[in-house]
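**Q** Need coordinates for the below:
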Amino acid sequence: QVQLVESGGGLVQAGGSLRLSCAASGRTFSNYVMGWFRQAPGKEREFVAGISRSGGSTLYTDSVKGRFTVSRDNAKNTVYLEMNSLKPEDAAVYYCASGIRLTTKPDRYESWGQGTQVTVSS
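**A** Below you'll find the predicted structure:
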C-alpha cells in the first residue's frame, strides 16, 4: 500500500486560499490515481477532486469547479489541491487517497491519509 500524509490545512477567511499537499511513500506513486475527499462534522465523506496517473485527466465535484485545482508531481511523489475563493461550506477535514481507477466513490480507494483540517471563517 501507499502511505499518505496530508499537510497545508489551517484557518482562512472566506474568499481566501489554501494549498493542500499529500506526500506519498511506499509504492510507485505514478501507478496510482489520486483523490481528494472531505468530511465535515455530521456529514458523509464526499469526493472533491481526483487526478489520473499522469495528471492528464482531472475530475471535480460541481461545488468546487472553477475554484479548486488538483495537480500532481510524480517526481516528488506529491499531489496538491489548490483551493481558492474558499467558502464557509468548504470547511472540513480533507483527505487524500490512492486508487486504481479515477472515481468519485470513496470505497474504491485503497489507501488514505490521516486528514488535514480546513477551517473557513465568514
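**Q** alpha carbons only for contacts and neighbour counts from here, please
**A** Will do.
**Q** Give the burial count for residue 90, as a bare number.
**A** The local packing of residue 90 (other Cα atoms under 10 Å) involves 20 other residues.
**Q** and the residue nearest to the spatial centre of the chain, what is it in contact with?
**A** Nearest residue to the geometric centre of the chain (Cα atoms, centre = their mean): residue 36, 2.5 Å. Neighbouring residues of residue 36 by Cα atoms under 8 Å, 6 or more residues apart in numbering: 47, 48, 49, 50, 81, 94, 95, 96, 97.
**Q** now it, which residues is it bridged with?
**A** Applying DSSP bridges to residue 36 gives these bridge partners: residue 49, residue 96.
**Q** quick one, strands of this structure?
**A** 3-7, 10-13, 18-25, 33-39, 46-51, 58-60, 68-73, 78-83, 92-99, 109-112, 116-121 (DSSP state E).
**Q** and those strands as TSV, adding mean pLDDT?
**A** As requested, the strands of the chain are exported to TSV (pLDDT from 0 to 100):
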stretch	mean pLDDT
strand 3-7	98
strand 10-13	98
strand 18-25	97
strand 33-39	98
strand 46-51	98
strand 58-60	98
strand 68-73	98
strand 78-83	98
strand 92-99	98
strand 109-112	97
strand 116-121	98
